[in-house]
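# Following is a predicted model, sequence given first.
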Amino acid sequence: MSLNSSLYAGTSGLGNTGNALQVTSNNISNMNTIGFKKGTASFADTLYQTIGTNAGVSQVGLGMNVDNVAQVFTDGSLETTSNATDLAIGGDGFFVVSDPGSEETYYTRAGNFSFNESGALVTSGGHILQGWYVEGDTGEEYGAITDLILTEFTSPPDATEEITVITNLDSDAESKSMVLSNLFEYDEENGTTVDSDGYEYQTVVTAYDSLGSSHEVTIYYDKKSGTEWEYIITCDPDEDNRGTVAALDSAGLLARGTITFSQSSGDVVSMTMEEYTGQIGNVDTSGNNTVKTVNFEIQDTEALSKDQYGISLKYTDAGGWIGPNLLDPENLQLTNYPDAEVLIYSDENTIYISLDNSAGGNEADIIINLDEDVQDGDTLSFDINNPIDCNVQDVTEIDYQGATDGNTTLTINNPSAMEESTPEGESITIEWDSTLKTWGFNALPLAGTYSLLTGDNISGDATYVGIDLNDDGEADITFTFEEEVEDLPNGTAPSITFGIQGSTAWREVTMDEAEDTGYLQFTADFLGGEAGSTETDISFDIGSKFNGNNWVNNSLSSTQYAKASSTIYQDSDGYSSGDLTGIGVLSDGLVSGTYSNGQEIALFKIALADFNNPNGLKNEGGNLYSATTDSGAAITNKPGQNGLGSLSSYALEMSNVDISEEFVSMIELQTAYEANAKIISTVDEMMTTVIGMKR
């Protein structure tokens, strides 16, 4: 019995040492396997046999077994790669992957991921990496853990909402134009809009529409006085699709304004802006309960061939929209449009107006779209501007009589005050009274706003005369004389006769409108969507922001220094569509895409999992593990949280097998194996001796 037991004990040692050697050989064979975790075999003695001895009852061992084969989950060394989706975990945790088309979940430390033909981020075996989708702007994850599949191969375009143009404007420059916006006229042959002799400096910045097309926005500058400059903002006339401008010769003119600099420092002190509204001006909805935003569409530009100011409409529950012929019984029709008729359709927030209904037609020349359904008592008023040169506000047909002839400089201080043109064939005449040493009106127009001019609207002396057209106490037009005026030899008083070309096509952009962004905004429409749906408000940043009370200059802002006018910096926040050019992965698992338009968009966030007992995981082959009751349920979170490791991109975790340790283990196992083999051979010899005793 004892010889057989010795034989079986040696056999158990021989077999189990071979099993342990298999663990070592498996480690060595996987020494270059990505993410492989080495195993270690431990032994335990097996059952004991009780025998009698002189000392009493004793136990004799019957051999050994493999007690456990455990895996060592220490980090392996990192190998750098050139692939952004090669990922390594620094610390605890496993990547979570799933079998395509099933809910079977596996775990792995091998981070050699790549995108397949469907855009899924997969292992070399085709298992899909798991994580969360995120908001593209914030990177905040949402929803449950799911397959990570790339769908954003193209970055959508974004319309420009702000242009930044930082310039230095030469303080030694001379004014080249009376009113810069008056010079805007499209020259189709040369492709120009403003004569180069009419401005000091221009710069161009690129803006984008909502579909990603680029558009050149040109800003022209000209000096107005010592510290004040005027500017106009323009675009290609063919790309200006605003409903009240698109068909005009002045299409492409977006806005104008002034910039005032400090005389001592050259920094920005203040700025103004007016939007060019084209054929429709002075839109007023201030009496409304609901409607605040109004969009006009001109259907027939030629039908709006004359100026018409003060058109008023009112909505009543009883009669719907009623026009000026009903509001004013004394004036049954518009003065310049005797056949005008307000056409009311069923849509309460749309108004259709025909200005030429003499033939009995009912096609609308103007369509007015309101942002809200109207209520009883809502009102709307607006002006119509003649389409010919409706951007121009100027002094015309000047006739100097007497000592002022050829001796006078005309300055238009405030073109916005010129809202109406003097009636055809009529003009304004101012005359010098040498006795009273004052200027007065000799002849005034018979109609329009300027017929209200009185002596209180004129100021001056023998060296200059100023005319206040809008009764705000400031001279809008100034005539300055090089020599003091005197009566002519025949006693005729010196005089100046002139006309005014006016327009209400300019809307002041108020400081209240700058409160949200700090910048004044103008409206552009490069696409021409229905009812102004594609209009965009664009902020104009010159490096100075309105804080509600004052203009505050940024560290980089526009200036007026005594050096050549130049562009210091320019930018716009919009961009075109872009194609995916690269992938980036942060240590917290956030995966972002970089695109050819320079944008970076957050795509998804990778999930990691850990277990209370990683040694309880079941090896599935292919670098995969599956959870068991021994491992416990997976604890899933984002990298770097709750004890989980962080990620390294462009790196792979190699096997944690140490070849020197494995060789030492192999030597130990070899020695044990040989010793157990010797036991068997010794028992064999002893049994041969026993058998030989019978002979």
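Perfect, I can see it now. Numbers count the residues shown, from 1 in each chain.
# and the closest residue to R109 other than its chain neighbours, what is it in contact with?
Excluding the flanking residues, the one nearest R109 by C-beta to C-beta, 6 or more residues apart in numbering is G35, at 3.5 Å. (Glycine included, C-beta is placed from N, CA and C.) When contacts are counted by C-beta atoms under 8 Å, 6 or more residues apart in numbering, G35 touches G76, T108, R109, A110, G111, N623, L652, E653, M654, S655.
# My read is that V205 contacts Q570, right?
Yes: counting by C-beta atoms under 8 Å, V205 does reach Q570; the two are 4.7 Å apart.
# hey, what's in contact with both of these two?
I163, T164, V165.
# Tabulate the residues you listed (a markdown table), appending secondary structure.
Shown next, in a markdown table, are the shared contacts of V205 and Q570 (DSSP: H, G, I helix; E, B strand; the rest coil):
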| residue | secondary structure |
| --- | --- |
| I163 | strand |
| T164 | strand |
| V165 | strand |
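# What's opposite Q570 in the beta bridge?
Beta-bridge partners for Q570, by DSSP bridges, are V165.
# List the buried residues of stretch 25-44.
Residues of stretch 25-44 classed as buried: N27, I28, N30, I34, G35, F36, K37, K38, G39, A41, F43 (neighbour count, 16 or more other C-beta atoms under 10 Å).
# What about those, which are in strands?
Those of the buried residues of stretch 25-44 mapping onto strands are G39, A41, F43, per DSSP state E.
# check contacts around the second one.
Meaning A41. By C-beta under 8 Å, 6+ apart, the residues touching A41 are N19, A20, V23, T24, V66, N68, V69.
# could those be laid out in CSV, adding distance to K605, secondary structure and neighbour count?
Shown next, in CSV, are these (distance: C-beta to C-beta, whole Å; DSSP: H, G, I helix; E, B strand; the rest coil; neighbours: other C-beta atoms under 10 Å):
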residue, distance to K605, secondary structure, neighbour count
N19, 43, helix, 14
A20, 42, helix, 23
V23, 37, helix, 21
T24, 39, helix, 23
V66, 42, strand, 18
N68, 37, strand, 11
V69, 35, strand, 15
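# Make JSON lines from those and add pLDDT and distance to A120 to it.
Listed next are these as JSON lines, based on pLDDT from 0 to 100; distance: C-beta to C-beta, whole Å:
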{"residue": "N19", "pLDDT": "77", "distance to A120": "39"}
{"residue": "A20", "pLDDT": "77", "distance to A120": "40"}
{"residue": "V23", "pLDDT": "83", "distance to A120": "35"}
{"residue": "T24", "pLDDT": "83", "distance to A120": "37"}
{"residue": "V66", "pLDDT": "69", "distance to A120": "40"}
{"residue": "N68", "pLDDT": "75", "distance to A120": "37"}
{"residue": "V69", "pLDDT": "76", "distance to A120": "34"}
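# and the two most separated of these?
Spatially, the most separated pair among the contacts of A41 is T24 and N68, at 14.9 Å (C-beta to C-beta).
# thinking P494 is in contact with D487, fair?
Yes: shown here, P494 and D487 form a contact pair, counting by C-beta under 8 Å, at 7.0 Å.
# Of those two, which one has the most company?
P494 (24 against 15; other C-beta atoms under 10 Å).
# any idea how far the more buried one is from I232?
Distance, P494 to I232, using C-beta to C-beta, to the nearest Å: 35 Å.
# Kindly report the same for L183.
8 Å.
# More neighbours: these two, which one.
In this view L183 and I232 are compared by other C-beta under 10 Å, and I232 has more residues nearby, 27 against 20.
# List the residues that contact the more buried one.
I232 neighbours (C-beta under 8 Å, 6+ apart): L180, S181, F184, V194, I219, Y220, L253, L254, A255, R256.
# Skip the chain neighbours and tell me the closest residue to the third one.
When the adjacent residues along the chain are set aside, F184 lies closest to L253, with 4.7 Å between them (C-beta to C-beta, 6+ apart).
# From the contact counts, what lies against the longest helix seen in the chain?
Looking across the chain with DSSP state H, the single longest helix is helix 659-693. Applying 3 or more C-beta pairs under 8 Å, 6 or more residues apart in numbering; DSSP states H and E, we find helix 659-693 packed against helix 2-29.
# quick one: the strands in the stretch 401-550 of the chain?
Applying DSSP state E, counting those that start in this stretch to the stretch 401-550 of the chain gives strands spanning 408-412, 428-433, 438-443, 458-460, 464-467, 477-481, 495-501, 506-508, 520-524, 536-541, 544-546.
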